[in-house]
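In: Everything below, folded, please.
(one chain, ligands or ions: 1)
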Amino acid sequence: MRILITTNYEEMSIEAAKIVAGQIYLKPASVLGLATGSTPLKMYENLIAVHKTIGLDFSQVTTFNLDEYIGLSADNPQSYHYFMYENFFKQINIRRENIFIPDGTAEDIFAESKNYDALIESKGGIDLQILGIGQNAHIGFNEPDIKFEATTHKVKLDDETISANSRFFKNVDEVPKFAISMGIKNIMLARRVVLLANGKNKAAAVYKALCGSVTPEAPASILQLHQDATFILDKEAAADLPQDLK
Ligand code: PGA
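Out: Predicted coordinates for the structure are as follows:
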């Protein structure tokens with residue numbers, strides 16, 4: 001486990017973009033696992049800038065997003081499809097057919113989940129997985145639970161997640177109650193994982209992930225067992241860590 005503590009959100013985002021860009025330079029046909037939310041936004045901005053200024057080439061890159069709300073179609077501005085196209089895909093030269101996001105409108109979410117797992121496998125697995133972390137230490141939409149869900153699955157969202165994400169909706173009642181998410185095994189099978197966290201509201205979750213027991217009650221704690229995981233934190237998100245980890 002590597003821990004990189006940066007001064008602020010901007011620096012965290014630059015360090016994350018450097019890792020993604022490096023991955024693509026070294027392996028142009030990389031398979032990336034991508035995250036939504038406020039945290040990775042500036043990393044995407046930086047990658048778009050690298051694409052526009054020095055031509056970082058996404059033409060052979062394949063992407064798999066972690067999750068999607070159930071019931072939101074791709075043209076719904078609150079959907080993660082919409083988020084990814086607006087904030088990233090529209091502004092780089094990735095091919096439409098190389099973009100994969102779980103379909104939250106699928107009639108049969110179980111079949112969609114199985115299909116998503118099979119697609120990841122058919123592309124040779126994920127080279128680099130980008131993660132955010134929830135205030136409850138979720139990764140993707142793997143909420144605290146009594147067991148780890150291995151593969152892509154339907155999730156009932158925690159009240160804490162619904163409340164945290166309500167800032168993107170008109171009101172809390174509009175936040176979908178269910179989502180489809182990659183599972184912990186999908187994430188753990190990624191050859192490299194980079195988790196980003198900024199802000200003091202993430203400090204407790206980061207502490208649990210890095211210093212707590214490995215438990216499905218704090219899903220990010222499983223990353224302690226990953227062979228190549230890096231946490232890129234800003235000072236505030238790292239605030240609760242013991243001195244020897246800083
Ligand atoms: P955020 O979400 O980046 O919007 O804080 C992170 C997450 O819930 O995984």
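In: Taking this structure, what residue is nearest to the ligand?
Out: residue 37 (2.7 Å; C-beta to the nearest ligand atom). No exception for glycine: its C-beta is placed from N, CA and C like everyone else's.
In: close enough to count as contact, that residue and residue 132?
Out: Yes. Taking C-beta atoms under 8 Å as the definition, residue 37 is a contact partner of residue 132 at 4.7 Å.
In: And the residue of the chain closest to the ligand, how far from residue 201?
Out: 12 Å (C-beta to C-beta, to the nearest Å).
In: Equivalent analysis for residue 4, please.
Out: Per C-beta to C-beta, residue 4 is found 20 Å from residue 201.
In: Which one's more surrounded, those two?
Out: Set side by side, residue 4 and residue 201 show more neighbours around residue 4, with 15 against 12, by other C-beta atoms under 10 Å.
In: give the contact list for the more buried one.
Out: Applying C-beta atoms under 8 Å, 6 or more residues apart in numbering to residue 4 gives the contacts 15, 230-233.
In: So it lies in a helix, does it not?
Out: No. Assessed with DSSP: H, G, I helix; E, B strand; the rest coil, residue 4 is strand; it does not lie in a helix.
In: That one and residue 11: what is the separation?
Out: To residue 11, residue 4 is 9 Å away according to C-beta to C-beta.
In: again with residue 42
Out: 10 Å.
In: higher neighbour count, those two?
Out: Neighbour tally, residue 42 and residue 11, criterion other C-beta under 10 Å: the higher count belongs to residue 42, 20 against 17.
In: looking at it, residue 1 is touching residue 229, isn't it?
Out: Yes. Residue 1 is in contact with residue 229 according to C-beta under 8 Å; the separation is 5.4 Å.
In: Please enumerate the shared neighbours of the two.
Out: By the contact definition C-beta under 8 Å, 6+ apart, residue 1 and residue 229 are jointly contacted by residue 223.
In: Name the residue in the two with the higher neighbour count.
Out: Ranked by neighbour count (other C-beta under 10 Å), residue 1 and residue 229 place residue 229 first, with 24 against 16.
In: List the contacts of residue 206.
Out: Residue 206 is in contact with 133, 197, 231, 233, 237-238, 240-241, counting by C-beta under 8 Å, 6+ apart.
In: Of those residues, which belong to helices?
Out: The helices, defined by DSSP state H, take in nothing from the contacts of residue 206.
In: and the angle from the helix ranked longest in the chain to strand 2-6?
Out: The residue-count maximum for a helix in the chain (DSSP H) belongs to helix 9-26. With axes from the mean of the first three to the mean of the last three C-alpha atoms, to 10 degrees as the basis, helix 9-26 and strand 2-6 are set at 130 degrees to each other.
In: So what touches the very next helix or strand once past helix 9-26?
Out: Following helix 9-26 in sequence order, the next helix or strand is strand 31-34 (DSSP states H and E). Residues from elsewhere that reach strand 31-34 (C-beta under 8 Å, 6+ apart): 20, 23, 40, 61-66, 84, 88, 120, 123-131, 182, 186-187, 190.
In: Separate out the buried members of the residues you listed.
Out: The neighbour-count test (16 or more other C-beta atoms under 10 Å) marks 20, 23, 40, 61-66, 84, 88, 120, 123, 126-131, 182, 186-187, 190 as buried among those.
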